[in-house]
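1. Would you be able to build a 3D model of this:
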Amino acid sequence: MADSVWGEPVGVAEDAGRVQPRHAALVRVTHWITAAAFLALLVTGIGITISHPRFYWGETGNVHMKPLFQIPIPASRASVPTGYKFTMPDFNGWGRYLHFQSAWAAVLTGAVYLVWGFFSGHFRRNLLPAPGTFSWSAIGEVIRHHLGAGDTANPGRYNVLQRITYLTVVFVFFPLVVWTPAIASVWPVLVSSLGGQQSARTIHFFDSILLTIFLVVHVVLVVRSGFRNRMREMITGNTTPGKERP
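-> Alright, predicted model coming up:
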């Protein structure tokens with residue numbers, strides 16, 4: 001029973017008409033908490049960026065310094081030189097509060113998922129590419145034929161491109177996005193290896209863009225591969241055999 005609820009998804013149901021578990025309960029719960037936290041981070045992050053759309057490299061950065069680059073939009077603060085004759089509405093106060101609250105929600109949820117993923121074998125069984133499957137030709141085959149459809153030879157499993165993408169998001173992009181401003185606010189010394197506070201903010205900005213691209217592509221592929229069935233799988237853990245898009 002544990003394997004079908006909090007543990008790994010079980011195999012295809014014996015009866016063709018039965019509903020089969022696809023995702024473990026912990027995967028579903030952490031998925032939706034992380035999704036909600038990321039959307040809050042994205043919206044509030046846009047507001048924070050608008051308050052000062054200039055990025056620097058090093059420990060310090062202010063309106064009197066030449067930025068590394070600048071986003072060509074009006075700021076929400078008149079003191080920031082953007083070249084525009086007006087300012088945007090300023091939501092920086094409550095935005096920062098919600099941003100950091102959402103960040104810690106994502107960090108704690110991610111920590112639970114990582115611990116469970118290691119000890120349950122979830123990463124080894126479902127995300128690590130099987131021996132001999134990691135090759136450019138295999139990835140090219142997935143892109144040409146089954147970009148978002150999973151492993152058609154083993155329904156319910158991720159294809160090699162999905163495995164590599166999820167591993168990169170879980171172990172590179174996500175840790176990096178919380179290592180920068182979120183962690184810097186508590187342990188500033190941890191961002192010294194990134195070049196300083198402003199360097200961390202700049203890296204955080206580009207990492208957030210990559211995560212946003214991943215989110216958009218992820219949603220598009222969910223729609224492409226059967227939105228109702230994929231949503232059912234991630235909400236209830238169940239799917240109806242024969243409903244998957246090839």
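
2. Find the residue ranges of this structure scoring beneath the pLDDT cut-off.
-> 1-21, 130-157, 180-188, 190, 193-194, 240-246 (pLDDT under 70).

3. just how off-centre is the helix or strand in which residue 100 is found within its chain?
-> If you go by DSSP states H and E, residue 100 is part of helix 92-120. Centroid displacement of helix 92-120 relative to its chain, using C-alpha atoms, centre = their mean, to the nearest Å, is 11 Å.

4. Could you list the buried residues of it?
-> By neighbour count on 16 or more other C-beta atoms under 10 Å, the buried set for helix 92-120 is 92, 95-96, 98-100, 102-103, 105-107, 109-110, 113-114, 116-117, 120. C-beta: built from backbone N, CA, C; applies to glycine.

5. before we move on, what about stretch 58-75?
-> Residues 61, 67, 70, 74, 75 are the ones in stretch 58-75 that count as buried (16+ other C-beta under 10 Å).

6. Next, the residue in the chain sticking out farthest from the centre: secondary structure please.
-> For the chain, the residue at maximal distance from the C-alpha centroid (C-alpha atoms, centre = their mean) is residue 85, at 36.1 Å. Secondary structure for residue 85, judged by DSSP: H, G, I helix; E, B strand; the rest coil, is coil.

7. Please tell me how far it sits from residue 75.
-> Residue 85 sits 12 Å away from residue 75, going by C-beta to C-beta, to the nearest Å.

8. chain center to stretch 109-128: distance?
-> 15 Å.

9. Span of it from start to end?
-> Using C-alpha to C-alpha, to the nearest Å, one end of stretch 109-128 lies 21 Å from the other.

10. Which helix or which strand is home to the most centrally placed residue in the chain?
-> By C-alpha atoms, centre = their mean, the chain has its centre lying nearest to residue 211, at 5.1 Å. Assessed by DSSP H and E, residue 211 sits inside helix 197-224.

11. Name the residues of the helix or strand following that helix that are buried.
-> Next along the chain after helix 197-224, taking DSSP H and E as the criterion, comes helix 227-235. Of the residues in helix 227-235, 229, 230, 232, 233, 234 count as buried by neighbour count, 16+ other C-beta under 10 Å.

12. next one: stretch 203-222
-> 203, 204, 205, 207, 208, 211, 214, 218, 222.

13. Show me which of the residues you listed is closest to residue 28.
-> Nearest to residue 28 among the buried residues of stretch 203-222 is residue 222, at 14.0 Å by C-beta to C-beta.
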